[in-house]
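Engineer: Structure, please.
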Amino acid sequence: MKRWILVVAALLAGCAGQPAGESGVANTQADSESRQRARAFTDLASAYLARAQYKVALDELRKAIIADNQFGPAYNIYGLIYMELAEDKLAEENFRRAIGLDRSDSVTRNNYGWFLCTRGRYDDGLEQFSIALRNPLYAYPEQAMANAGQCAEMKGDLPLAEANLLKSLKLQPDNANTILKLAGLHFRQGRIVEAQRLLARHAELAPPTLESLWLGVRIERKLGDRAQEAAYGLQLRKRFPDSNEARLLLGGQFE
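Structural biologist: Below is the predicted model:
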């Protein structure tokens, strides 16, 4: 599952309210109804995004913007869709538009930070995570911490990566995905036994994934347990026969 999908459910949290118009109560009521319509269309767009139905999601977002062109979360979803479609200029424009409408929108800052990191702009991405985390009202700090950890690892700063992943786990100790990321980091640091322990914890919390099985193969190979290595390899080939990892495994390539 792609990282941005993990945050789709949170995209509409903590939205900024729309100020009342000059015409008094009637105008305020109309504004409220427009905002409600924009929110409903954006909710639908989020659901279609999660199913990779991008065209339908874009159609719903257009309706949201027609209802209320100041509704920041709609631009956030636009950013995620264009990110997935590799329309980087449009993705960045929409993330920045959402932030411009609400500078305290930590959900968008988290998503924008991940976009920047996946485009190799690591320091800019880490800055967005840092800003998101300075918001005391941010409801999902563990997500930004985990993303910051992965971004720092991509940058090559392994100590910073570990620090952020550990902070995320302190807030959400049973997050299987973060546990798996930390296990992979420990493996790359040469801390094989610690990686093995974390991978076992992941297995208690979630079904095996391609990433966890491939990591298991390599951990057990390093530790010299050929039986357990073979068991992981068998599961990987059975569950993910067309994966690049399965091809590497069959070719005897483990790094």
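Engineer: what's the single longest helix in the chain?
Structural biologist: Criterion DSSP state H: the longest helix present in the chain is helix 25-50.
Engineer: Show me what counts as buried in that helix.
Structural biologist: By 16 or more other Cβ atoms under 10 Å, the buried positions in helix 25-50 come out as 31, 34-35, 37-39, 41-42, 44-46, 48-50. Quick note: C-beta positions are derived from backbone N, CA and C, even for glycine.
Engineer: Same question for stretch 175-189.
Structural biologist: Buried residues in stretch 175-189, counting neighbours by 16+ other Cβ under 10 Å, are found at 175-187.
Engineer: Columns distance to residue 63 on top of the residues you listed, output as TSV?
Structural biologist: Below are the buried residues of stretch 175-189 laid out as TSV (distance: Cβ to Cβ, whole Å):
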residue	distance to residue 63
175	34
176	36
177	33
178	35
179	39
180	38
181	37
182	41
183	43
184	41
185	42
186	47
187	46
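Engineer: Surely residue 77 touches residue 44?
Structural biologist: No - between residue 77 and residue 44 there is no contact under Cβ atoms under 8 Å: 9.9 Å.
Engineer: Which stretches in the stretch 151-255 of the chain count as helices?
Structural biologist: In the stretch 151-255 of the chain, the helices defined using DSSP state H, counting those that start in this stretch lie at 158-171, 176-188, 192-205, 210-223, 226-239, 244-250.
Engineer: okay, the last one in PDB with CA atoms only?
Structural biologist: Meaning helix 244-250. The C-alpha trace of helix 244-250 is given here as PDB (Å, rounded to 0.1, in the frame of the first residue of the first chain):
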ATOM      1  CA  ASN A 244      10.900  -8.400  -8.600                       C
ATOM      2  CA  GLU A 245      11.900  -9.900  -5.200                       C
ATOM      3  CA  ALA A 246      10.800 -13.400  -6.300                       C
ATOM      4  CA  ARG A 247      13.000 -13.000  -9.400                       C
ATOM      5  CA  LEU A 248      16.000 -11.900  -7.300                       C
ATOM      6  CA  LEU A 249      15.400 -14.800  -5.000                       C
ATOM      7  CA  LEU A 250      15.400 -17.300  -7.800                       C
END
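Engineer: Could you give the average pLDDT over it?
Structural biologist: Averaged across helix 244-250, the pLDDT comes to 94.
Engineer: what does the fifth one give?
Structural biologist: Mean per-residue pLDDT for helix 226-239: 96.
Engineer: helices or strands next to it in the packing?
Structural biologist: Under the contact criterion of 3 or more Cβ pairs under 8 Å, 6 or more residues apart in numbering; DSSP states H and E, helix 226-239 touches helix 210-223, helix 244-250.
Engineer: what's the most buried one of these?
Structural biologist: Burial of the helices and strands packed on helix 226-239 is given as mean neighbour count (mean count of other Cβ atoms under 10 Å); helix 210-223 ranks first at a mean of 20.
Engineer: Outside of that helix itself, list whatever touches it.
Structural biologist: When contacts are defined by Cβ atoms under 8 Å, 6 or more residues apart in numbering, helix 210-223 is touched by residues 180, 183-184, 187, 192-193, 195-196, 199, 202-203, 206, 208, 226, 228-229, 232-233, 235-236, 239-240, 243, 245, 249, 254-255.
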